[in-house]
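In: Give me a model of this one.
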Amino acid sequence: MAPKVISESNKKGRRYRKESYAIYIYKILSQVHPDTGVSSSAMSIMDSFMNDIFTKIAGEASKLSQYSKKPTMTSREVQTAVSKLQCKTKPQRPFSGPLNCTKSCSLSTDKYIE
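Out: Numbers count the residues shown, from 1 in each chain. The predicted structure is shown next:
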């Protein structure tokens, strides 16, 4: 689902809103944890993470469709791109934190953690 464009900038100096996944992230959070909120800085990090992940998936799927010399990107290329970018190996030791498998994972979240 693409980010929703709220409004556009006018010559009259009206403010415009950026495209964001914040609405969708908040809806999912409300379904999973109804009594939990999220700060604006955390939402900004999640939005950056979503943009980064979708960019990586789209780039990899585009390469796969170019390799197969087909002009149309199908769900098969997208599924292959996602599986290629996922963590392939499981951690050898018990879970010790949120970034336990970042060494073997292409979708590293290191740049989002401060």
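In: Could you identify the helix or strand that succeeds the host helix or strand of residue 66?
Out: Secondary structure from DSSP states H and E places residue 66 in helix 40-67. The first helix or strand that comes after helix 40-67 along the chain, using DSSP H and E, is helix 75-85.
In: Who are the contact partners of residue 50?
Out: For residue 50, the contact set (Cβ atoms under 8 Å, 6 or more residues apart in numbering) comprises 21, 25. Every C-beta, even on glycine, is put in place using the N, C-alpha and C of the backbone.
In: give me that answer again for 10 Å
Out: 3, 20-22, 24-25 (Cβ atoms under 10 Å, 6 or more residues apart in numbering).
In: if I look at it, how far off is residue 26?
Out: 12 Å (Cβ to Cβ, to the nearest Å).
In: repeat for residue 86
Out: In terms of Cβ to Cβ, residue 86 sits 25 Å off from residue 26.
In: Looking only at neighbour counts, state which of those two leads.
Out: Between residue 86 and residue 26, counting by other Cβ atoms under 10 Å, residue 26 is the more crowded of the two (14 against 11).
In: Helix or strand: which one has that one?
Out: helix 22-32.
In: Now do that helix and helix 40-67, the angle between them.
Out: On the basis of axes from the mean of the first three to the mean of the last three Cα atoms, to 10 degrees, helix 22-32 is oriented at 110 degrees to helix 40-67.
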